[in-house]
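Student: can't give you the sequence, but here's the structure:
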């Protein structure tokens, strides 16, 4: 299984960015896809996740600003980030977890920088 993330970049505070991540390989049907982030000097933290059934979970810090979605046919997860703040600056990682086997896979990180 491989995850390929894209998107990210530099944006001013209040701006928007979108991330996407495509999973390839042997993808089990029942899974959870998500986005984590890691800022310098901090631990990696969950940003948002979505199950194959469409149930979502968000970190309190991004609720109302970020939206996670997925296209099961394309094995792709998206993260729409609005009203970005400097504290959202981090490397963002996509994540895929198979419920049946508890296997976890990570994509390469993509940098998101919010700065004026």
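Tutor: Perfect, I can see it now. Everything numeric in this text was worked out from a predicted model, so none of it was measured.
Student: residue ranges for the helices of this protein, please.
Tutor: Along the chain, no segments are classed as helices by DSSP state H.
Student: Would you mind listing where it has pLDDT under the threshold?
Tutor: Per-residue confidence for the chain (pLDDT under 70) gives no ranges below the cut-off.
Student: Any figure for the gap between the residue positioned nearest the centre of it and residue 116?
Tutor: With distances taken as C-alpha atoms, centre = their mean, the chain has residue 35 as the residue nearest its mean C-alpha position (2.3 Å). According to C-beta to C-beta, to the nearest Å, residue 35 stands 24 Å off from residue 116. Where you see a C-beta, it was placed from the backbone N, CA and C, and this is true even at glycine.
Student: Please report how far residue 29 lies from residue 64.
Tutor: For residue 29, the distance to residue 64 (C-beta to C-beta) stands at 30 Å.
Student: likewise residue 112?
Tutor: Relative to residue 64, residue 112 is positioned 18 Å away (criterion: C-beta to C-beta).
Student: between those two, who's got more neighbours?
Tutor: More crowded of residue 112 and residue 64, by other C-beta atoms under 10 Å: residue 112, with 22 against 9.
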